[in-house]
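Trainee: I would like the atomic coordinates for the input below:
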Amino acid sequence: MTAPARPLNILFVSHTYIGGPFVVGSHHLAREMSKMGHRVLHLSTSVTPAHLMKMKEPPIKDRLAQWRNIRKQSGRMIHGVPMSLVPWPLASAIYRRTGINLFVRSIAFPSIRKLLGMYRFSEVDLLLIDQPYFAGIEKQLKAKVVIYRPTDNYADMHGDRTVEIAEKEIISRAHGVVATSEPVLANARRHKSDMPAIVLENGVEFAHFERARPEPDDLKEIPGPRAIYAGAVDERFDMAAVKRLAERSPSLSVVVIGPCDPAFVRTQGFPGNVFFLGAKAYDDLPAYLQHADLALLPLSDHKANLGRSPMKLYEYAAAGLPTVVKETPELRRRGEDFLYFYKDADSFAERVGQVLRKLDRGEIARGRIVEAARKQSWRTKAEQIIDFGGRLSGSRPFQGEPRALTAEKSFSG
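Mentor: Residues are numbered from 1 along each chain as shown. Below is the predicted model:
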């Protein structure tokens, strides 16, 4: 696609910083929109003075470095972490009582207004908010179109009911919602039922995961067949189900990639065929996936899992992996035939065994799995958001921007 006649100013305010252990949807969308010729500024959850007490911890060290360097960037794609003087736990308590969000108002060194002015973002064509903590930031700038882009049911995920108040405020002033799943959209529409909205599931950087890579050295030492999980190892990850799978399938190697506490893992009593390899760089992840036999998505009963749109689904698929996943209505709705559902921990091992037997008999076409992922590229999703924003602005599409080739799944209002 040729560069647009008039590049848009696109601002993301996101929950996850660029350059850390997790690569999330806003990072991919920001990159793709920049490639399309637009000017993109990606800001993520602020650091605070309290973080200085933990500045030796790698993620905090990285975020503080991004705050220090935020004045030194140039180009079409800029990202950084602001500094808020009032941390969210204190700001949220004040916000609940007064409706004043000091987490945003106390951004300093530089202030949010100076920061936006520094990069000529005081006027924004498209503001995309996926971090509710930034409620009220839309009042600090002139935004032609404001889109709330929730990626989870945040209140359920964090157990923070103040987030619901923040979401309600954002939605009351937004022009539309882009949700990553039907349950997430339904949650947003509790606050404004007639809000123009689309569902746009998380996508995949297809070429990154499809291009063949050599087998990593630490994976060579693990015998096959291999079932792999890559992602967060937190309360949404069903450790008990993984342990039971390993116990019932002693000839299967279960590989877990993601940041986790080794001391905690040791207390769980996993059998020897479970291998926790820790966090891996995003650039290295395709190699691990490509040299596994199948993928796992063992979701716990955590309420937030009902609304999840796991990025790993199409990353697994781009690597050619059939995926055994805990059934949810949202994932069942997608109708992807590379997903093999189980209902509980008892049926997990049985389902994995069925998939392994299908693989042995050549009954699973890896090429078809890869093609399913190709349709979910982040470039296509970036075009859909630009198109949706153009509809909301009334220009259909934004002035100077070629219309996206694909239609939204749903539009109302």
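Trainee: list the buried residues in stretch 15-31.
Mentor: Across stretch 15-31, burial judged by 16 or more other Cβ atoms under 10 Å covers 15-31. Yep, even glycine has a C-beta here, placed from its N, CA and C like the rest.
Trainee: any regions of the stretch 301-413 of the chain where pLDDT drops low?
Mentor: 395-413 (pLDDT under 70).
Trainee: all strands for the stretch 201-350 of the chain, in order.
Mentor: In the stretch 201-350 of the chain, the strands defined using DSSP state E, counting those that start in this stretch lie at 226-230, 253-257, 274-278, 294-297, 323-326, 339-342.
Trainee: all helices for the stretch 51-200 of the chain, in order.
Mentor: For the stretch 51-200 of the chain, the helices defined by DSSP state H, counting those that start in this stretch cover 58-68, 88-98, 102-105, 112-118, 154-158, 162-173, 182-189.
Trainee: count of neighbours near Phe275?
Mentor: Neighbour count of Phe275, defined by other Cβ atoms under 10 Å: 18.
Trainee: coming back round to it: take the buried residues of stretch 15-31 and keep only those in helices.
Mentor: 25-31 (DSSP state H).
Trainee: show the end-to-end separation of stretch 301-309, please.
Mentor: One end of stretch 301-309 sits 15 Å from the other (Cα to Cα, to the nearest Å).
Trainee: which residues sit against that stretch?
Mentor: With contact meaning Cβ atoms under 8 Å, 6 or more residues apart in numbering, stretch 301-309 is reached by 151-153, 156-157, 180-181, 183-184, 187, 201-202, 235-236, 238, 299, 326, 328-330.
Trainee: give the buried subset of the residues you listed as a ChimeraX selection command.
Mentor: Buried residues among those (16+ other Cβ under 10 Å), as a ChimeraX selection:
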select :151,152,153,156,157,180,181,183,184,187,201,202,236,238,299,326,328,330
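Trainee: just to revisit the earlier point, so which of the helices of the stretch 51-200 of the chain gets nearest Lys280?
Mentor: Nearest of these to Lys280, taken as Cβ to Cβ: helix 58-68 at 14.2 Å.
Trainee: show me what that closest one packs onto, helices and strands only.
Mentor: Packing partners of helix 58-68 (3 or more Cβ pairs under 8 Å, 6 or more residues apart in numbering; DSSP states H and E): strand 77-80.
Trainee: I'd like to know which elements the strand it packs on is packed against.
Mentor: helix 25-35, strand 39-44, helix 58-68.
Trainee: could you redo the last one with a cut-off of 10 Å?
Mentor: Under the contact definition 3 or more Cβ pairs under 10 Å, 6 or more residues apart in numbering; DSSP states H and E, strand 77-80 sits against strand 9-14, helix 25-35, strand 39-44, helix 58-68.
Trainee: could I get those as CSV with distance to Ala246 and mean pLDDT?
Mentor: CSV is the format used below for the helices and strands packed on strand 77-80 (distance: least, Cβ to Cβ, whole Å; pLDDT from 0 to 100):
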stretch, distance to Ala246, mean pLDDT
strand 9-14, 35, 98
helix 25-35, 31, 97
strand 39-44, 36, 97
helix 58-68, 29, 94
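Trainee: would you list those in JSON lines and tack on distance to Ser249?
Mentor: As requested, the helices and strands packed on strand 77-80 are arranged in JSON lines below (distance: least, Cβ to Cβ, whole Å):
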{"stretch": "strand 9-14", "distance to Ser249": "38"}
{"stretch": "helix 25-35", "distance to Ser249": "33"}
{"stretch": "strand 39-44", "distance to Ser249": "39"}
{"stretch": "helix 58-68", "distance to Ser249": "34"}
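Trainee: neighbours of Lys142, how many?
Mentor: A count of neighbours around Lys142, defined by other Cβ under 10 Å, yields 13.
Trainee: what does Phe341 give?
Mentor: With other Cβ under 10 Å as criterion, Phe341 counts 15.
Trainee: measure it to Arg332 for me?
Mentor: 7 Å (Cβ to Cβ, to the nearest Å).
Trainee: what's the overlap in contacts for these two?
Mentor: Common neighbours of Phe341 and Arg332, counting by Cβ atoms under 10 Å, 6 or more residues apart in numbering, are Val325.
Trainee: returning to that earlier point: got TSV for the strands of the stretch 201-350 of the chain, with distance to Glu123 too?
Mentor: Putting those into TSV (distance: least, Cβ to Cβ, whole Å) gives the following:
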stretch	distance to Glu123
strand 226-230	40
strand 253-257	42
strand 274-278	44
strand 294-297	42
strand 323-326	43
strand 339-342	43
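Trainee: of all the ones you listed, which lies closest to Val124?
Mentor: For Val124, the closest of the strands of the stretch 201-350 of the chain is strand 226-230, at 34.2 Å, according to Cβ to Cβ.
Trainee: tell me the angle of that closest one relative to strand 253-257?
Mentor: If you take axes from the mean of the first three to the mean of the last three Cα atoms, to 10 degrees, strand 226-230 sits at 20 degrees to strand 253-257.
Trainee: state the mean pLDDT of strand 226-230.
Mentor: The average pLDDT within strand 226-230 is 98.
Trainee: ok, that strand: who's next to it in the sheet?
Mentor: Sheet pairing for strand 226-230, assigned by DSSP bridges, gives strand 253-257 (parallel), strand 294-297 (parallel).
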